[in-house]
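Enquirer: sequence-free structure coming up:
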């Protein structure tokens, strides 16, 4: 009976770790893209924040692709 509980605890903590990992996979590339785009907008002094928007979208795409890769490894 005790062995079952430790296995349940391990799967619970594994799920919590996966949620944190997915959160970082989405947040970090998105923020890096947004800040990088904002930096480019300030360097080139554009009135329209097009580089910020493009950086944000590219970061989001990168984050989603990292999440898809992480989830696909779970099914293997």
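Expert: Yep, it's here. Since this is a predicted model, take the numbers as computed values, not measurements.
Enquirer: Please make it C-alpha for all contacts and neighbour counts, starting now.
Expert: OK.
Enquirer: is it true that residue 34 touches residue 50?
Expert: No. Contact between residue 34 and residue 50 fails when scored by C-alpha atoms under 8 Å: they sit 10.5 Å apart.
Enquirer: More neighbours: the two, which one.
Expert: residue 34 (22 against 14; other C-alpha atoms under 10 Å).
Enquirer: That one: which element?
Expert: helix 2-44 (DSSP states H and E).
Enquirer: moving C-terminal of that helix, what's the next helix or strand?
Expert: Counting by DSSP H and E, the element after helix 2-44 in chain order, helix or strand, is helix 50-75.
Enquirer: which strands and helices sit next to that next one?
Expert: The contact analysis (3 or more C-alpha pairs under 8 Å, 6 or more residues apart in numbering; DSSP states H and E) places helix 50-75 against helix 2-44.
Enquirer: angle of the helix it packs on against helix 50-75?
Expert: 160 degrees (axes from the mean of the first three to the mean of the last three C-alpha atoms, to 10 degrees).
Enquirer: chain center to helix 2-44: distance?
Expert: Counting by C-alpha atoms, centre = their mean, to the nearest Å, helix 2-44 is centred 5 Å from the centre of its parent chain.
Enquirer: Which elements pack onto it?
Expert: Using 3+ C-alpha pairs under 8 Å, 6+ apart, helix 2-44 sits against helix 50-75.
Enquirer: averaged over its residues, what pLDDT does the helix it packs on have?
Expert: Averaged across helix 50-75, the pLDDT comes to 91.
Enquirer: Distance check, residue 71 against residue 64.
Expert: 10 Å (C-alpha to C-alpha, to the nearest Å).
Enquirer: If you count surrounding residues, which of those two has more?
Expert: residue 64 (18 against 13).
Enquirer: In contact with the more buried one, which residues?
Expert: By C-alpha atoms under 8 Å, 6 or more residues apart in numbering, the contact set of residue 64 is 25-26.
Enquirer: and it, how far is that from residue 23?
Expert: Per C-alpha to C-alpha, residue 64 is found 10 Å from residue 23.
Enquirer: do residue 13 as well
Expert: Using C-alpha to C-alpha, residue 13 is found at 15 Å from residue 23.
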